[in-house]
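Student: Build me a model:
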Amino acid sequence: MDILIKYLLLACFAYVYVRLLIPYIGFFTRFMFNERVGWDKYIEKPRLVFYGLGLALMHGSYSTFFEPISILPQFFYILNWFIFISGIALTQLVWTKKFKNVFIPKIKEKLKSKKNFHVSITKDQLRNIYNGLVRYDMIIVERTEQGDFIKVFTEDWNAHDSKIYFKLDAPSCREFFELFKVNFPTNSLTVIDFFKRSDTVRREDGNPYAYSTVKDAKSRTPISKRSDELKEIFSGL
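Tutor: Numbering: from 1, shown residues only. I've put the predicted structure just below:
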């Protein structure tokens, strides 16, 4: 019986290692012949970490199958099989489409630095928004040049000293934020980041907006004083 179990376990190890070697031999071969490797570190590095954890579980539980256990032998035997199979499952999870298309993007999103709004937007689109704000006298041009406006939305907060000086009350500025977020949904914009943590948004008097005020502005004033003009700015995008 032990011989059968041993060969079964070794067959599992062989499958897991061969499954790992096939793609990475391909990477190595292309590298040696100066071809495009196709290595995506954001996928392959987590894949190798998961593979290492799975193999660690498999190797850690392997020897226990052949050791006599005097306390709760059946329980430990079942637990050992569970650990070994979990190791196999962990190594095979990394080859699924769900790992690549769902898990990896979620991890990348969680690990994003909160020093940037991470907005997917072009500079031309930002210029159009800026020009719209200028046209409707919603921004202090003397203190917020077009380059400052673009930096705030595209660069790390601590990489520049640019600020946006709005000529908007709290409900209007909150509506600007909401329209921006809706029109450019690929972002990590939050009310607290935009109005407080980033330290990039100012009122006309040069002071920051009160976070508690803008946080509740939407419920108190669903339609701001500048609603029509703001919607007009974003409708042209």
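Student: Tell me the helix or strand right after the helix or strand of the chain with the lowest mean pLDDT.
Tutor: The least trusted helix or strand in the chain, going by mean pLDDT, DSSP states H and E, turns out to be helix 104-111, with a mean of 73. Of the helices and strands lying after helix 104-111 in sequence (DSSP states H and E), the nearest is helix 123-135.
Student: next helix or strand past that next one?
Tutor: Following helix 123-135 toward the C-terminus (DSSP H and E): helix 146-154.
Student: Quick one: list the elements packing against that next one.
Tutor: helix 123-135, strand 164-165 (3 or more C-beta pairs under 8 Å, 6 or more residues apart in numbering; DSSP states H and E). Yep, even glycine has a C-beta here, placed from its N, CA and C like the rest.
Student: Need the winner for burial among the ones you listed.
Tutor: Ranked by mean neighbour count, those are led by strand 164-165 with a mean of 20 (mean count of other C-beta atoms under 10 Å).
Student: For that one, what is the distance to the chain centroid?
Tutor: 28 Å (C-alpha atoms, centre = their mean, to the nearest Å).
Student: helices or strands up against that strand?
Tutor: Against strand 164-165 (3+ C-beta pairs under 8 Å, 6+ apart) you get helix 146-154, strand 201-202.
Student: how about a cut-off of 6 Å?
Tutor: Using 3 or more C-beta pairs under 6 Å, 6 or more residues apart in numbering; DSSP states H and E, no helix or strand is in contact with strand 164-165.
Student: And the average pLDDT for it is what?
Tutor: For strand 164-165, the mean pLDDT works out to 97.
Student: Run me through the strand neighbours of it, direction for each.
Tutor: Take DSSP bridges as the rule and strand 164-165 pairs in its sheet with strand 201-202 (parallel).
Student: Run a quick neighbour tally on Arg174.
Tutor: 24 (other C-beta atoms under 10 Å).
Student: Cheers, nothing more for now.
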